[in-house]
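In: Give the three-dimensional model of this entry:
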Amino acid sequence: MSVDDMLIESSEAAMMSAGVTRADIDAYWFGTMGSGVSGLTLSRALRLEHKPVTRVENMCATGSESLRNACYAVASGAYDTAVAIGVEKLKDSGFSGLVSAPIPSDGTLPETTAPARFSLLAPAYAKKYGVDEQEMKEVLTRIAWKNHYNGARNSRAQFRKEVSKETIAAAPTIAGMLGVFDCSGVSDGSAAAIVVRAEDAHRYTDNPLYVKGLSFVAGPARGNIDPAYDFTTFPEVVAAATDAYAQAGVHDPRAELAMAEVHDCFTPTELVLMEDLGFADRGFAWKEVLAGTFDLDGELPVNPDGGLKAFGHPIGASGLRMMFECWLQLRGEAPPERRIASLDAGRKLALTHNLGGQPGECVSFVSVVGTEPGA
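Out: Numbering: from 1, shown residues only. Predicted coordinates:
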């Protein structure tokens, strides 16, 4: 499928769900990192007649950035109805990983791959919290196993097969402790969301999803030259999560959230995120992973759709893909084999998270959404 094909399919599916047409949409926020330039990429594909289309990019949080801006536009009163839509086509781009243009710099940026940079998280975490190498391997393996298990139950995932722990653990090494199955894949994809004011939502659906908090931060990018940075946390994630929780009135995320979709670009990333997002105490996330806390039937399911591990990472679409899973799960529309157990406890909130960049130098997005206006 081409970029145009994917944009048409995702936008039409979203509009059909809400019972609207392109003529009903006031404005569009379009996210892509490398599959188009300017709003013309979208207006040409959808044959839009002189509608405002804003193209945005914020590294791996590009899809979430389109949603954030569409929400702000509607909340401000500038527009009644907006679409956030993202797309990325990587499979025939000639790139074996994330597509990006050379970044102007002073020459001090590390010339290493993304797997190499994120592989530094694992030994740093193990050393700080006294986890031996074999235990750490088991933790990373279980994260990959969980996400492939979930993705095998998702018809929209790129990889739809369970992978045994033995296969994951024995896979060829990519960088440091990271094997093939510790790394997210390369993929194409598109996703879209329709955004309206809360008071208007029931015109379009009986079960809307309400945005409770939207936070985005760009860090100072000094981790690589800061002796105090120890590769066991993403300070940007902590800051974004703190802000989003304050907006949403969340005081205990582990107890209040029904689920979370997080940016599992690599398995040690997901491990560290469990602590940065407040799902586990510092130094204990590895134990929670092994205990199944974040499984489909666990206390707080994480990446019930399979995450980046099962979907790959089409940059412009990933953040919106996460929101779609929240939409399905909180509305009770996820298939039975992937339905999260936490809903039975009456939880009505979900979280999505993206980060872009590298440890010590990244941007981060966190949202909280729910099924009730006052939840």
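
In: what about dumping the CA coordinates of the lengthiest helix in the chain to CSV?
Out: If each helix of the chain is counted by residues according to DSSP state H, the longest one is helix 133-151. Taking C-alpha atoms only, helix 133-151 is exported to CSV below (Å, rounded to 0.1, in the frame of the first residue of the first chain):
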residue,chain,number,x,y,z
GLU,A,133,23.0,-11.1,33.9
GLN,A,134,20.9,-14.2,33.7
GLU,A,135,18.0,-12.6,35.6
MET,A,136,18.2,-9.6,33.4
LYS,A,137,18.1,-11.7,30.3
GLU,A,138,15.0,-13.4,31.7
VAL,A,139,13.3,-10.1,32.3
LEU,A,140,14.0,-8.7,28.8
THR,A,141,12.9,-12.0,27.3
ARG,A,142,9.6,-12.0,29.2
ILE,A,143,8.8,-8.4,28.0
ALA,A,144,9.3,-9.5,24.4
TRP,A,145,7.3,-12.7,25.0
LYS,A,146,4.4,-10.8,26.5
ASN,A,147,4.1,-8.3,23.7
HIS,A,148,4.3,-11.0,21.0
TYR,A,149,1.7,-13.0,22.9
ASN,A,150,-0.6,-9.9,22.8
GLY,A,151,0.2,-9.2,19.2
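
In: Quick one: distance of it to the chain centre.
Out: On the basis of CA atoms, centre = their mean, to the nearest Å, helix 133-151 is displaced by 18 Å from the centre of the chain it belongs to.

In: Ok, stretch 79-94 next?
Out: Using CA atoms, centre = their mean, the mean C-alpha position of stretch 79-94 is found 14 Å from that of the whole chain.

In: so what's residue 248 up against?
Out: Shown in contact with residue 248 (CB atoms under 8 Å, 6 or more residues apart in numbering): 212, 213, 349, 368, 370. (C-beta placed from N, C-alpha, C; glycine too.)

In: typed the wrong thing, it's residue 188
Out: 1, 6, 88, 89, 90, 91, 314.

In: what do you get for residue 138?
Out: The contact partners of residue 138, taken as CB under 8 Å, 6+ apart, are 169, 290.

In: give me that answer again for 6 Å
Out: By CB atoms under 6 Å, 6 or more residues apart in numbering, residue 138 lies in contact with nothing.

In: Give me the buried entries from the contacts of residue 188.
Out: Listed as buried from the contacts of residue 188 are 6, 88, 89, 90, 91, 314; burial here means 16 or more other CB atoms under 10 Å.

In: Out of those, which one has the lowest pLDDT?
Out: Checking pLDDT across the buried ones among the contacts of residue 188, the minimum falls on residue 91 at 86.

In: Going by residue numbers, what spans are helices in the stretch 1-150 of the chain?
Out: If you assign secondary structure with DSSP state H, counting those that start in this stretch, the helices in the stretch 1-150 of the chain sit at 3-18, 40-46, 62-75, 114-119, 121-129, 133-151.

In: got the ones you listed as CSV, with distance to residue 242 columns?
Out: Rendered in CSV, the data for the helices of the stretch 1-150 of the chain read as follows (distance: least, CB to CB, whole Å):
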stretch, distance to residue 242
helix 3-18, 31
helix 40-46, 34
helix 62-75, 17
helix 114-119, 23
helix 121-129, 21
helix 133-151, 24
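
In: May I see the buried residues of stretch 238-256?
Out: In terms of neighbour count (16+ other CB under 10 Å), stretch 238-256 has its buried residues at 238-245, 247-248, 250, 253-254, 256.

In: How about the secondary structure of residue 159?
Out: coil (DSSP: H, G, I helix; E, B strand; the rest coil).

In: Phi, psi for it please.
Out: phi -110, psi 110 (degrees, to the nearest 10).

In: now do residue 257
Out: phi -80, psi 140.
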